[in-house]
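Student: got a predicted structure here, sequence first:
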Amino acid sequence: MMYFIILLESVLIMFWIDIEYDTSATYNTTMIINSQSYATSKYNALDVVGNDILIFDKISDDDKLAIWLNSPLNEEMLSYSPNMQIMEDFFNDRVEDNGKFKNSFINYMREAHDEYVGTLITKEEFDEKISNPTSFLVSSY
C-alpha cells in the first residue's frame, strides 16, 4: 500500500509540473510571407536544449529561403555579425536541410564575409547582404 501511495504522489507531482511549466505544449506560430501564410509549426521544432530549429524537408528551395528570411532565427544569427564562425555554426545547428539550400546559403555567407574582410563592403553592407540575399537567388539555383 505504501508503494501505491508513493506512485500516486509521483504521478500527481508530474501532472502538476506539466500544468505549471507547460512542458507538453506544442509550438505553434504563423508567419505571413509574400502574401502567403506559412504555418511555421510545420517547419519549426525545438532541439534538445529548447532552441528553435527550422526543418526543411520536402519543400522547394525558394520556400526555404522565404521561410528563413522571415524567421526570427535570421535576426538572431545576424546578431552575431560579423563573426562568421559563430554565424555559420548557428546556421548549421539551427537549420536542418536535406537539399542544397543549406550549403548554398553558407557559401553565400562566406563570399559576403570575404568581401567584408577584404574591405570591399562595410559591416552594414555585409548585414544587408545577408538579410536580403538577392544575388543568392540568382546565382545559387
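Tutor: Structure's in. What do you need? Numbers count the residues shown, from 1 in each chain.
Student: what are the ranges of the helices in this protein?
Tutor: Taking DSSP state H to define them, one finds helices in the chain at 2-21, 61-69, 72-78, 84-94, 101-117, 123-131, 134-140.
Student: would you mind telling me which of those helices is nearest Ala45?
Tutor: Closest approach to Ala45 among these (CB to CB): helix 84-94, 10.3 Å. Every residue, glycine included, has its C-beta placed from N, CA and C.
Student: need the mean per-residue confidence for the closest one.
Tutor: Mean pLDDT, helix 84-94: 91.
Student: just send the helices of the chain back as CSV, with mean neighbour count and distance to Gly50 too.
Tutor: Below are the helices of the chain laid out as CSV (neighbours: other CB atoms under 10 Å; distance: least, CB to CB, whole Å):
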stretch, mean neighbour count, distance to Gly50
helix 2-21, 10, 12
helix 61-69, 18, 20
helix 72-78, 15, 14
helix 84-94, 15, 12
helix 101-117, 17, 22
helix 123-131, 15, 25
helix 134-140, 13, 30
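Student: confidence-wise, which of those is weakest overall?
Tutor: helix 134-140 (a mean of 56).
Student: can you give me the pLDDT of Asp57?
Tutor: For Asp57, pLDDT reads 80.
Student: residues contacting stretch 49-65, please?
Tutor: 27, 38, 43-47, 67-68, 71-73, 93-102, 104-105, 133, 136-137, 141 (CB atoms under 8 Å, 6 or more residues apart in numbering).
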